[in-house]
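[1] need coordinates for the below:
(one chain, ligands or ions: 2)
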Amino acid sequence: MAKSVFFFGDGRPEGDPKRRDLLGGKGAGLADMSALGLPVPAGFTISTDVCNAFARSGEIPQEARAEVEAALQRLEKAMGARLGDPGAPLLVSVRSGGRASMPGMMDTILNLGMNDAVAEGLAARTASPRFAFDAYRRFVAMHAGIALGVPREPFEEALDLARARVAAAKSIDRTRLNAEELKRAVPDADIPADELRMLVKAFKGAVRKETGRDFPADAREQLWQAISAVFKSWNNHRAVVYRRMHEIPDDWGTACNVQAMVFGNLGETSATGVAFTRDPSTGDKELYGEWLPNAQGEDVVAGIRTPLPIRASGRSGTDSLEAKMPDAFRELERIASTLERHFRDMQDLEFTIQDGKLYMLQCRNAKRAARAAVRVAVDMAKEGLVSKDEAVLRLDPGGIDQLLHPTLDPQAPKKLLARGLSASPGAASGHIVFTADEAERRAGQGKPVILVRVETSPEDIHGMKAARGVLTARGGMTSHAAVVARGMGKPCVAGVSAVAVNYETQTMTISVYDETSPQRGQNPVDTITLKKGDVLTIDGGTGHVYEGAVPTVSAALSGEFGELMSWADGVRTMRVRANADTPLDARTARSFGAEGIGLCRTEHMFFEEERIQAMREMILAEDPTGRGAALAKLLPFQRDDFVGIFREMRGLPVTIRLLDPPLHEFLPTEPKQLEQLSRAMSVPVQKLAQRTKDLHEFNPMLGHRGCRLAVTYPEIYAMQVRAILEAAAQVAGEGGDVHPEIMIPLAMTRGELELTREIVDGVAKEVKDKAGRPIAFSFGTMIELPRAALLAGELAKAAEFFSFGTNDLTQATMGLSRDDAGKFLPAYVETGILPRDPFVSLDQEGVGALVELAADRGRRARAKLKLGVCGEHGGDALSISFFHRVGLDYVSCSPFRVPVARLAAAQAALRARGQNGGPATA
Ligand code: PEP
Ligand code: MG
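    Ligands and ions are numbered 1, 2, ... in the order given. Predicted coordinates:
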């Protein structure tokens, strides 16, 4: 086995910081920081290879064990202390850390190396028995929970009993307090040393009772147990779920970092905290973060105590780190800027101050809200830290979606109930639920839900995924809820302290304050109790919580966003169009930067009340005269819509697809509708019912649709073409620049195209004669069937452009019904049989091979053949990068995804140019 244990923190690090695959993100960051000479407590990283070996055999290989022993000795030497030595005790943390960040998903043990003798030794050395036994009891509970599998409850109960005794000694009447209030009345720091000593005994008793064995006193035994537990946690349920969601491969494994402990809970000159080099919500360029005096790191991230702001300009300036420990604050600012310059990206830092000295425990590329990601990328390019191309590559196209999220309608009446932290942007309304399982259940029934928790933990991840938004009563901007919701792009309001959650009764009580009173926040004017199922609205952008459902409006884009998009537009080679069916859609699409319409689905124009009647008459007509009369009613509707669309899209191409869907979609299903139709057409109901039955198809997707309609009823396409060309003539007459592209759906032969071309040319001649001048248009087809792809060379002889309809092409190539596959496709993705849902992201190997082949054969037959895609894949970043590779001219997607597509197309172009980089928020 190659070297698998890498020392850091005392001189040059052994590991190469670039080897994140081996060291994990945390290990690589520690190696990087020690190489920069920053104050990092010494330690060593056990590589991901060992994790994988452990997963295979259930054991840590002998060679790796020997390397750990050697590294431990070096660590002991560096620290002048030894694991398990009461005279000079070394305590270590044992932490997981994979290649990609998986916040809170895997396990960590702190204060390892404690036993009775060590605790006494530490008490003597620090002259603080309280500190020593506090660290000891934390270690026993953590190690027992993580490495020995003991449940948390017995520890919680013992802790509550200790609190009750302290309360009694302080003459607090605890009979009036519930467990939560007791926790607030007697914070951890108020539990004295002798109580902590008793707690350790009680904890160890609980371990004996649960496991039938004594808690291990031997520090080496503790260490091996902890390392094994960290490796095992790679495969715990929540980590596996998280990996599926974020497409992280199972075989990456986690590294394990063993590091000398430094203590933030040694007293008032000690502290711990988390910082971002810039504001993770807005991207503002100033150190941002939270800290807690006299505390350990877990207190900040777990949201157990609500942390204080780092900067004096924060929420409560006098409690800030800047005000309380100015030297440490300045040192932290200096380190933050060194790290940003080194990594050329915004960092997320964990630090501890022990007796006034600052130590860096971790740094990594910071997760950030989409708005902040845009701001940081643009600012960093302007600061010269990265190039414009790198700034474009830094953004996660999926994250851009968040920027287009709805916000609350400013005009709508709303009643503010409470305020919390704006932990993750976006607004959402839904029914309140208090457990992740309930969130999943109700969301599965199609109900919007807001998950309300005191604080979230990684066990809640499936509920957060299912919920529209998340509200927590406790925890700060770096709490689990905040970090995970931001990553998911879900609205989240955290730390709403006016909310008291009662899981037993499934209710939440909100103390409502008078916002106009000078004593705002002191005496509640009202309390409101909401129960499971009641409706609430949260605004993750402002941290506000409102009563009931408040309407939302779509987003406006910032100046930086426009700037970044213009950089992206400058490098991309593919055009981006939109799928839009109405003048309004067309306008939205243009405002998002669409460069034309790639798909106008004409059948969507027929669903309105007045139109569907004429459409039904047309379908049910028995002869060309009847059909002609119905078509004559439809013509003006179609023409008016096209006029509206051409006006919106002046100067840009508009691809209009002639009628595609199976006719039965339009047929009446209710007896009442049949009667109405029978009156309008003067045809007996029975006859209509029979005709409707005749038109029924068992597999409509392979039925009488697309250009097959034109083969049997040429007059339908003739009417549509007339509407298109007359509209074009009208808008051209107004001085507009019109570029209609007439597109034939579901073709499989050249013959179908020749037949429809004849219809088109016949109508074009008539329109020209009437208008007195020719109307320019182009004629093309969709490639939606495998035969069309295979015979693309033939089809290209009759078509000036191809647009890949990858929805149908996926359906037909994979034999998967678009309408029914949802029942079983998720299982294909979960089991890994398919990497992704092929209707979301193109099956590049299969369907993609047909696209590539058709593009190639088509262009050989017609060098100037224009190629685009208009299936859903046109808005998916991964698929877009594929389409760039096979040389398509444009992608077309829904208007809201146009910005995502512009960015993804730019990234594809940059990557193809051989530039490196990727989403900064990986
Ligand atoms: C397609 O099949 O990819 C397509 C765009 O057409 P529709 O989704 O309307 O079938
Ligand atoms: Mg289709």
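[2] in contact with the residue in the stretch 51-200 of the chain that ligand 2 sits nearest to, which residues?
    The stretch 51-200 of the chain approaches ligand 2 most closely through Ala100 (36.1 Å), counting by Cβ to the ion. From N, CA and C alone the C-beta is placed, and that goes for glycine too. Each residue near Ala100 by Cβ atoms under 8 Å, 6 or more residues apart in numbering is listed here: Gly25, His246, Ile248, Trp252, Ala922.
[3] among those residues, name the buried ones.
    Gly25, Ile248, Trp252 (16 or more other Cβ atoms under 10 Å).
[4] quick one: which of those residues sit in helices?
    Secondary structure assignment (DSSP state H) places Gly25 from those within helices.
[5] do you know how far Tyr717 is from ligand 1?
    Distance of Tyr717 to ligand 1, computed by Cβ to the nearest ligand atom, to the nearest Å: 16 Å.
[6] any idea which helix or strand carries that residue?
    In the assignment (DSSP states H and E), Tyr717 maps to helix 714-733.
[7] now swap in Met743 and tell me
    Secondary structure assignment for Met743, by DSSP H and E: strand 739-744.
[8] so that strand, near ligand 2 or not?
    No. Contact between strand 739-744 and ligand 2 is absent, the nearest approach being 10.7 Å (criterion: Cβ under 5 Å from the ion).
[9] can you list contacts of that strand?
    Taking Cβ under 8 Å, 6+ apart as the rule, strand 739-744 contacts 596, 599, 642, 646, 651-658, 706-707, 710, 721, 724-725, 728, 752-753, 756, 760, 775-782, 799, 801, 803.
[10] burial of the residue in the stretch 451-600 of the chain positioned nearest to ligand 1, as a residue count?
    Distances from the stretch 451-600 of the chain to ligand 1, computed as Cβ to the nearest ligand atom, single out Leu599 as the nearest residue at 5.6 Å. The tally of other residues near Leu599 (other Cβ atoms under 10 Å) stands at 26.
[11] and Glu752, by the same measure?
    The burial count assigned to Glu752 is 21, neighbours taken as other Cβ under 10 Å.
[12] that one - nearest residue in space that isn't next to it in sequence?
    Counting by Cβ to Cβ, 6 or more residues apart in numbering, Glu752 lies nearest to Cys707, which is 4.7 Å off, once chain neighbours are set aside.
[13] ok, now Met380?
    Nearest residue to Met380, sequence neighbours excluded (Cβ to Cβ, 6+ apart): Val386, at 4.9 Å.
[14] my read is that Val553 contacts Leu408, right?
    Yes. Taking Cβ atoms under 8 Å as the definition, Val553 is a contact partner of Leu408 at 7.4 Å.
[15] the two: which has the busier surroundings?
    Each of Val553 and Leu408 has its neighbours counted (other Cβ under 10 Å); Leu408 has more, 21 against 13.
[16] next up, the contacts around that one.
    The neighbourhood of Leu408, defined by Cβ under 8 Å, 6+ apart, consists of Lys414, Ala427, Thr537, Asp539, Tyr546, Val550, Pro551, Thr552, Val553.
[17] quick one: contacts for the closest residue to ligand 1 within the stretch 101-250 of the chain?
    Shortest the stretch 101-250 of the chain-to-ligand 1 distance, computed as Cβ to the nearest ligand atom: residue-wise this is Glu247, at 23.7 Å. By Cβ under 8 Å, 6+ apart, the residues touching Glu247 are Pro835, Arg836.
[18] what of Gly871?
    With contacts defined as Cβ under 8 Å, 6+ apart, Gly871 is in contact with Phe804, Gly805, Thr806, Asn807, Asp808, Leu809, Thr810.
[19] what about those, which are in helices?
    Filtering the contacts of Gly871 for membership in helices, criterion DSSP H, returns Thr806, Asn807, Asp808, Leu809, Thr810.
[20] export these to JSON lines and tack on pLDDT and neighbour count?
    Conversion of these to JSON lines gives the following (pLDDT from 0 to 100; neighbours: other Cβ atoms under 10 Å):
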{"residue": "Thr806", "pLDDT": "95", "neighbour count": "29"}
{"residue": "Asn807", "pLDDT": "90", "neighbour count": "16"}
{"residue": "Asp808", "pLDDT": "92", "neighbour count": "23"}
{"residue": "Leu809", "pLDDT": "96", "neighbour count": "28"}
{"residue": "Thr810", "pLDDT": "95", "neighbour count": "27"}
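[21] ok, and which of the residues you listed reach ligand 2?
    With the criterion set as Cβ under 5 Å from the ion, the members of those near ligand 2 are Asp808.
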